[in-house]
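A.B. asks: Attaching a predicted model along with its sequence, questions to come.
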Amino acid sequence: MEIDLGFVYIILQVIFLEGILSIDNAAVLGALVSVLPKDEGVPWPGPLKFLGPPVHRLLGGQRPAALKVGLLGAYLGRGFMLLLANCVIHNHYLKILARFISSSWL
């Protein structure tokens, strides 16, 4: 079984870029939530006030809740982008369109 070094190089680049993006997300998320109070509950609008006690037990105060929701959003966003990239890569019509556009620009 042969290993294509170009493929390994691409995988290492993706791992490196994901690490950089993770550090960036953590820094921005930390800066954004640093001004929130630690122990105060999330201020829910009138119709959603019933969510206060169960969500507070699950997520904690405003700062930990914002961190947890932000991290979950980052993971879900990355997962969605990977699925979207997979769909784009395997869509034959997009490949045909890309070849048509690239040949018309030349």
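C.D. replies: Arrived safely.
A.B. asks: Please report the distance of Leu17 from Lys38.
C.D. replies: 33 Å (C-beta to C-beta, to the nearest Å). (Glycine included, C-beta is placed from N, CA and C.)
A.B. asks: Against Gly52, how distant is Gly61?
C.D. replies: With C-beta to C-beta as the criterion, Gly61 and Gly52 are 12 Å apart.
A.B. asks: ok, residues contacting stretch 45-53?
C.D. replies: Gly41, Val42, Trp44 (C-beta atoms under 8 Å, 6 or more residues apart in numbering).
A.B. asks: go on, stretch 62-74?
C.D. replies: 22, 25, 29-30, 32-34, 36-38, 40-42, 55-56, 59-60.
A.B. asks: Make a PyMOL selection of the buried ones in the residues you listed.
C.D. replies: The PyMOL command for the buried members of these (criterion: 16 or more other C-beta atoms under 10 Å) is given here:
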select buried, resi 25+29+33+42+55+56+59+60
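A.B. asks: can you put the contacts of stretch 45-53 in CSV and add pLDDT, secondary structure and distance to Ala85?
C.D. replies: Formatted as CSV, the contacts of stretch 45-53 follow (pLDDT from 0 to 100; DSSP: H, G, I helix; E, B strand; the rest coil; distance: C-beta to C-beta, whole Å):
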residue, pLDDT, secondary structure, distance to Ala85
Gly41, 85, coil, 38
Val42, 85, coil, 34
Trp44, 86, coil, 36
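A.B. asks: Thank you kindly, that will do.
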